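Q: A predicted structure for the sequence below; I have some questions about it.
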Amino acid sequence: MPARVWTALAGLIAVLLVAVVGLDQWQSRRGEVSLFGLPWLSSPAPATPSRAPASPKLREPLAGRFASPAPPASPAPPAPQAPPAPVSAPRVAVIINNLGARRDVFDPLRDIRRPLTVAILPGLPLSEWTAREAAQAGMEVILDLPMEPYRFPEVDPGPGALLMAMGPQELQAQVGAHLASVPGAVGVTNHMGSRMTEDRTRMRTVLEVLAGRRLFLVDGLASNLSVAYDEAKALGLRAGRRQIVVDHAAGEAGDRVRWDEVTWWAERRGEVIVIAHGHPLTAPLLREYVPRWEARGIRLVPVSQLAR
């Protein structure tokens, strides 16, 4: 065989050998096993650091991009305990009305030596005397102003009553005269008057006299439709309403029921205005009940303290 043929074959073999070795090295770099077991021919590929899968990025609120980070929260100090609110003692105001005619009713009341309120009828033989004696004994004095009731004149409110037939000037003059006969009166309550206290115009006429003298009103509620309290408040007067009446209609047993109601009402509502008719039984029962109230923390006060 000519020498040129051998030379060509040798060159071809050399090219094939180089190709095979290159292929082997390429496979080695891919991490495959060398065809010839020659690991020195393949340099391992540099390890690529593994990355943890990226967590989705939360959108930060706009304000949070510019605000400085808040300091770590410290435990809140305990809220200061407010001192307990003072609990005011329940209060009872007792008005004894229909006075001015009998000392045997008034004298035992005066001897109780407590801040009772006495409502004195005008123009009676002992009206002025009773008013002065009561004031000297530390009792509060108010006028028991007689007014026309339903079924008048069959039901008689007494002399000098304010009547529906009177005009405005006569009504006001009558109120002024009655106040003069009860010196030291600081307020007024109605005696009867179920009809007149329902009349807004006449009540305003009467109450204008009280407003001019800075007197207060206690509406005795002779009628559930009375407008006396509302008209007094509209004129800027201090005013109150009675809650309980002790009228002796059912005798001593009935009166005791009423005085027990006073205790119940005072302890649950905080205050109560009572009207008790002047009667020989009134003072003995008050002597019994007033110490009971005081032992239970209930204060007896003049009615002016409950008129607002």
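A: In hand now; what should we look at?
Q: pLDDT wise, what is the nearest residue to residue 163 once chain neighbours are set aside at?
A: Excluding the flanking residues, the one nearest residue 163 by C-beta to C-beta, 6 or more residues apart in numbering is residue 148, at 4.9 Å. Yep, even glycine has a C-beta here, placed from its N, CA and C like the rest. Listed pLDDT for residue 148 reads 98.
Q: swap in residue 45?
A: 40.
Q: can you check residue 64 too?
A: Looking at residue 64, its pLDDT stands at 36.
Q: next one: residue 88
A: Looking at residue 88, the pLDDT reads 84.
Q: could you check the distance from it over to residue 266?
A: 12 Å (C-beta to C-beta, to the nearest Å).
Q: Who has more neighbours out of these two?
A: residue 266 (24 against 9; other C-beta atoms under 10 Å).
Q: quick one: that one and residue 303, what's the gap?
A: 14 Å.
Q: And residue 198, by the same measure?
A: Note on residue 198: its distance to residue 303, by C-beta to C-beta, is 23 Å.
Q: neighbour-wise, which of these two wins?
A: Comparing residue 198 with residue 303 by other C-beta under 10 Å, the one with more neighbours is residue 303, at 26 against 17.
Q: need the helix or strand of the protein with the lowest average pLDDT.
A: Ranked by mean pLDDT, DSSP states H and E, the helix or strand of the chain with the weakest confidence is helix 62-66, at a mean of 34.
Q: Which strands and helices lie in contact with the following helix or strand past that one?
A: Where DSSP states H and E defines the elements, the next helix or strand beyond helix 62-66 is strand 91-99. Contacts defined by 3 or more C-beta pairs under 8 Å, 6 or more residues apart in numbering; DSSP states H and E place strand 91-99 against helix 103-110, strand 117-120, strand 140-147, strand 187-192, helix 251-269, strand 271-277, helix 282-295, strand 299-300.
Q: Give the pairing partners of strand 91-99; include direction for each.
A: strand 117-120 (parallel), strand 271-277 (parallel), strand 299-300 (parallel) (DSSP bridges).
Q: Output the below-cut-off pLDDT ranges for this protein.
A: Within the chain, the stretches with pLDDT under 70 are 1-87.
Q: Which residue ranges make up the domains of it?
A: By the assignment in automatic domain parsing, the chain contains the domains 1-41, 91-306.
Q: how distant is the last one from the center of its chain?
A: Read that as domain 91-306. 29 Å (C-alpha atoms, centre = their mean, to the nearest Å).
Q: With adjacent residues omitted, what lies nearest to residue 122?
A: Excluding the flanking residues, the one nearest residue 122 by C-beta to C-beta, 6+ apart is residue 178, at 3.7 Å.
Q: for the host helix or strand of the one you found, which positions count as buried?
A: Assessed by DSSP H and E, residue 178 sits inside helix 168-181. Buried positions in helix 168-181, judged by neighbour count with 16 or more other C-beta atoms under 10 Å: 171-172, 174-175, 178-179, 181.
Q: Repeat that for stretch 288-301.
A: Buried-residue list, stretch 288-301, by 16+ other C-beta under 10 Å: 289-290, 293, 298-301.
Q: Equivalent analysis for stretch 104-111, please.
A: Buried, per 16+ other C-beta under 10 Å, within stretch 104-111: 105-106, 109-110.
Q: How about stretch 142-158?
A: By 16+ other C-beta under 10 Å, the buried positions in stretch 142-158 come out as 142-149, 152, 157-158.
Q: Which residues are in contact with residue 195?
A: The contact partners of residue 195, taken as C-beta atoms under 8 Å, 6 or more residues apart in numbering, are 147-150, 152, 164, 223.
Q: try residue 245
A: Applying C-beta under 8 Å, 6+ apart, the residues contacting residue 245 are 220, 258, 274-277.
Q: what about it, is that helix, strand or coil?
A: strand (DSSP: H, G, I helix; E, B strand; the rest coil).
Q: same question, residue 230
A: The three-state label given to residue 230 by three-state DSSP is helix.
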